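[1] pasted the sequence and its predicted model underneath.
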Amino acid sequence: MAGNSFDLAVVGAGIVGLACALAAAKRGKRVVVLDRDAQANGASVRNFGFITVTGQARGEMWRRAQRTREIWAQVASEAGMTILHRGLVMTARRPESVVVLEAFTQTEMAHGCRLLDPADVARSHPELATPGLQAALWSPHELRVESREVIPRLAAWLAARHGVTFRWNTAVHAVETSKVLTSRGTIEAEAVAVCPGDDLTGLFADTIAGFGVTRCKLQMLRLADPGFRLTAGVMSDLGLVRYAGYAALPEAEELRLRLAREQAGQLANGVHLIVVQSADGSLVVGDSHHYAPTPDPFSQDAVDRLILDEFAAVFGRAPPPTLERWTGTYASAGERTVLLEAPLPGVRLAMVTTGAGASTGFALGEDVVAELFGELVA
Ligand SMILES: Cc1cc2nc3c(=O)[nH]c(=O)nc-3n(C[C@H](O)[C@H](O)[C@H](O)COP(=O)(O)OP(=O)(O)OC[C@H]3O[C@@H](n4cnc5c(N)ncnc54)[C@H](O)[C@@H]3O)c2cc1C
């Protein structure tokens, strides 16, 4: 094999690019991954590392989330990654939220989930001293990993275990059928997977623009160890009008109206609550959603306070001190959750266009590779 000739070239070393690399390498393909940065630095290392199944949009998205969770579990065990906790507690402080949860439990998406009453929650999740708690949905499916650690580890494992070649500090200027033009020379590859995250104006900019893709900025916080240990991720009422698996149910409308009266600031800033815990006990807490082609890079304290107010309402205590703040961005295309396009023969453009790439990326990678190299025959 010539040093610059591969079966698959992948542009982008975020979770979507790594997922394509894994799916192709498992088929014995010779894979190169190209990234302009020295290490992944985009959404994939800035997220919660919360792999969520329950609450993902019904249909294809939910299917991809289930498959992705399965692959994360396999990869974590093979690559020695720690799963920090499992499952989700979706807390409900309003009767309208309970109605949504009850309706959700009647759907196929509630497979394995259970409604808890406040006494159940007090027993199983004593850290949740939520004033006015009405109920909670327990989902066993979710996994939590430390993205800033596992994404570099995934790349290293792909190289060591699957022989994937990585070319870092290498910007891709153009992609043609069987050819990738980079800042460090030309790569030949039978197939190319372009996984550029939220780079909307580089490769195949016209194709991306045709889908009305913009960018979403999120504010994130790391809080000091609160002195308790979460055994699952925690979310709240605001998530029920944000995550399409619940929000698309007709029962969500009443809740939306009530939240508009009671938490207008949070809704206006796209704030909902996710709380997950790290190995050192610190909590990763977020987030907010602001949309623009070029979002500003600034964290607003007022937005952080809206997030922390929701934390206090759910945990029934003041939030611990903030240790770290950061923002992240991802590609967003309204109701469309994924872009999987063929701009040229032998080339696929793959983007998750909602905030769920950690939860759906591995399955998307399999879909990309199946399109490029054919379905696997069982
Ligand atoms: C704050 C935040 C929280 C989130 N929380 C969650 C969560 O808990 N669960 C969940 O499922 N999802 C979450 N998401 C969404 C998830 O992180 C993204 O959907 C996912 O990481 C997107 O992965 P990606 O590989 O497409 O993009 P990225 O991780 O952005 O990677 C794209 C890569 O492509 C490279 N690249 C682009 N163009 C070129 C080029 N021309 N040449 C070379 N390299 C190029 C970039 O350098 C980059 O490394 C969150 C996102 C954010 C920002």
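    Thanks, I have the structure now.
[2] so how many other residues sit close to the residue of the stretch 151-300 of the chain found nearest the ligand?
    Ranked by C-beta to the nearest ligand atom, the top residue of the stretch 151-300 of the chain for proximity to the ligand is G197, at 2.5 Å. Every C-beta, even on glycine, is put in place using the N, C-alpha and C of the backbone. For G197, the count of nearby residues is 25 (other C-beta atoms under 10 Å).
[3] tell me how far the closest residue to it other than its chain neighbours lies from the ligand.
    Counting by C-beta to C-beta, 6 or more residues apart in numbering, G42 is the residue found nearest to G197 once chain neighbours are left out, at 4.6 Å. Here G42 is placed at a distance of 2 Å from the ligand (C-beta to the nearest ligand atom, to the nearest Å).
[4] do S44 as well
    Plainly put, S44 is 3 Å away from the ligand if you go by C-beta to the nearest ligand atom.
[5] what does the stretch 201-350 of the chain have sitting close to the ligand?
    With C-beta under 6 Å from any ligand atom as the criterion, the stretch 201-350 of the chain meets the ligand at residues G202, L203, L218, M220, D287, G328, T329, Y330.
[6] got a list of what R64 touches?
    Q56, V338, S359, T360, A363, L364, D367 (C-beta atoms under 8 Å, 6 or more residues apart in numbering).
[7] repeat for F48
    Applying C-beta under 8 Å, 6+ apart to F48 gives the contacts R144, S147, M220, G233, I274, V276, V284, G286, D287, A358.
[8] verify the stated contact: the fourth one with V89.
    Yes. Between G233 and V89 there is a contact under C-beta atoms under 8 Å: 7.3 Å.
[9] surely I71 meets F362?
    Yes. Between I71 and F362 there is a contact at 3.9 Å, judged by C-beta under 8 Å.
[10] could you report the neighbour count for the residue lying closest to P196 once chain neighbours are set aside?
    Closest residue in space to P196, ignoring its immediate chain neighbours: G12 at 5.3 Å, by C-beta to C-beta, 6+ apart. Close neighbours of G12, defined as other C-beta under 10 Å, add up to 28.
[11] just send the contacts of F48 back as TSV, with secondary structure too.
    Listed next are the contacts of F48 as TSV, based on DSSP: H, G, I helix; E, B strand; the rest coil:
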residue	secondary structure
R144	strand
S147	helix
M220	strand
G233	strand
I274	strand
V276	strand
V284	strand
G286	strand
D287	coil
A358	helix
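[12] between these, which sits nearest E60?
    Closest approach to E60 among the contacts of F48 (C-beta to C-beta): A358, at 16.9 Å.
[13] burial of the closest one, as a residue count?
    Residues near A358, counting by other C-beta under 10 Å: 28.
[14] returning to that earlier point: got a list of what the residue of the stretch 151-300 of the chain closest to the ligand touches?
    Residues in contact with G197 (C-beta under 8 Å, 6+ apart) are G12, G14, V16, G42, A43, S44, Y330, A331, M351.
[15] just the ones of these in helices?
    The helices, defined by DSSP state H, take in V16, A43, S44 from the contacts of G197.
[16] name the nearest residue to the second one, ignoring sequence neighbours.
    Right, A43. Nearest one to A43, counting by C-beta to C-beta, 6+ apart, is Y330 at 4.5 Å.
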